[in-house]
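1. what follows is a protein structure lacking sequence information:
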């Protein structure tokens, strides 16, 4: 998979369709990957994303300590690995190793990228809302395989059911 | 379209796939409908949804004053009306009338429901984060056409491009 630098102003279009993402974190020698669907765009430029990351998740601790993570966007091709990431805890399992995922080196953060994903977004925590365990993440660098025009992203419906991204239609919309 | 009371504990499954929603609001004799994609689940039960609603949108004023809205989930069948709602402002246009949408009466809120949508979620504002124009909405009542198993929801990619919900697959996921 060959990735290009992707304009930060266009990042929202990757996330506002609501895909399941893999959030990768690292702190000292610990790492984790979390499957996550509770996120929303907050700002276009610089792109800011809000994510709910419960303190029950190991990723919460690593994100809290490091202030950095990558948002990686997987597609159906690695659906089983995505589900496996959701079923295990980084406290007990090295998810890169256990699920044969490839670590990539980020440019602006220490957290690893998940290279099997068509998009990798390097993020820094810029704000918090503790009450709801919300992290506000600024995307500082984006790497995308632009040969993937209609990524078959996964959209979680619950209890093992995932909607797979279908066709793209055009409507007379003036919305950015 | 025949709708049933829908369990509040299952509401997250309607929203966490990331569909474009129509947010309907009312205050005194004023009403609006806003097309919106910047939302995320925050809590399962009671269901709480966070939505970014800019103060540039007329809906912000109506929501601010009334503290209530409906989140209506449209499908491809009314895609053109959804795009039209996004292109116009409720300050100038009666969107129900202009786009031939049907007002429905809610049970627990004063805002109207958009009856062409397969799901209507009655919401009350329970929290705010002013800095990002985030409203936290508790879903207090849900009406869903449960005959629609795989709703062809719209997922905004930007500038007129919308991904339409595709097939649903099953993966070995233990996630709620």
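-> Looks like it came in fine. Small disclaimer: the values here were computed from a predicted structure and weren't measured.

2. buried set for the helix or strand harbouring residue A:33?
-> Using DSSP states H and E, residue A:33 falls within strand A:30-36. Buried residues in strand A:30-36, counted by 16 or more other C-beta atoms under 10 Å in any protein chain shown: A:31, A:32, A:33, A:34, A:35, A:36. (Glycine included, C-beta is placed from N, CA and C.)

3. from chain A, which residue is nearest to chain B?
-> Nearest residue of chain A to chain B: residue A:18, at 1.1 Å (C-beta to the nearest C-beta).

4. hang on, that residue packs against residue B:155?
-> Yes: the pair residue A:18 and residue B:155 qualifies as a contact (C-beta atoms under 8 Å) at a distance of 6.0 Å.

5. higher neighbour count, the two?
-> The residue with more neighbours, out of residue A:18 and residue B:155, is residue A:18; 30 against 25, by other C-beta atoms under 10 Å in any protein chain shown.

6. residue contacts, the more buried one?
-> A:37, A:155, B:16, B:17, B:18, B:19, B:37, B:155 (C-beta atoms under 8 Å, 6 or more residues apart in numbering or on different chains).

7. give me the subset of the buried residues of strand A:30-36 touching chain B.
-> Near chain B, judged by C-beta under 8 Å from any C-beta of the partner chain, the entries from the buried residues of strand A:30-36 are residue A:35.

8. for chain A, which spans come out with low pLDDT?
-> Within chain A, no stretch has pLDDT under 70.

9. try 90 this time
-> Applying pLDDT under 90 to chain A flags residues A:1.

10. just want the most central residue of it.
-> Centre of chain A computed as the mean C-alpha position; nearest residue by C-alpha atoms, centre = their mean is residue A:71, 2.5 Å away.

11. which outside residues touch the helix or strand where it lies?
-> Secondary structure from DSSP H and E places residue A:71 in strand A:68-73. Here strand A:68-73 makes contact (C-beta under 8 Å, 6+ apart) with A:14-15, A:19, A:21-26, A:39, A:49, A:51, A:59, A:62-63, A:106, A:109-114, A:117-125, A:137, A:139, A:151, A:153.

12. of those, buried ones?
-> Neighbour-count burial (16+ other C-beta under 10 Å) applied to the contacts of strand A:68-73 gives A:14-15, A:19, A:21-26, A:39, A:49, A:51, A:59, A:62-63, A:106, A:109-114, A:117-125, A:137, A:139, A:151, A:153.

13. how about the strands in chain A?
-> Assigned by DSSP state E, chain A shows strands spanning A:4-5, A:21-27, A:30-36, A:39-43, A:48-52, A:68-73, A:103-104, A:113-114, A:119-129, A:134-144, A:154-158, A:161-170.

14. how many residues are close by the residue lying closest to residue A:144 once chain neighbours are set aside?
-> Distance criterion C-beta to C-beta, 6 or more residues apart in numbering or on different chains; nearest residue to residue A:144, sequence neighbours excluded, is residue A:6 at 3.9 Å. When neighbours are counted by other C-beta under 10 Å, residue A:6 registers 20.

15. one step back: what residues are bridge-paired with the residue nearest to the centre of chain A?
-> Judged by DSSP bridges, the bridge partners of residue A:71 are residue A:23, residue A:121.

16. and residue A:160, how many neighbours does it have?
-> When neighbours are defined as other C-beta under 10 Å, residue A:160 has 15 of them.

17. likewise residue A:97?
-> Applying other C-beta under 10 Å, we find 10 residues neighbouring residue A:97.

18. could you do residue A:174 as well?
-> Neighbour count of residue A:174, defined by other C-beta under 10 Å: 11.

19. what sits against it?
-> B:86, B:87, B:160.
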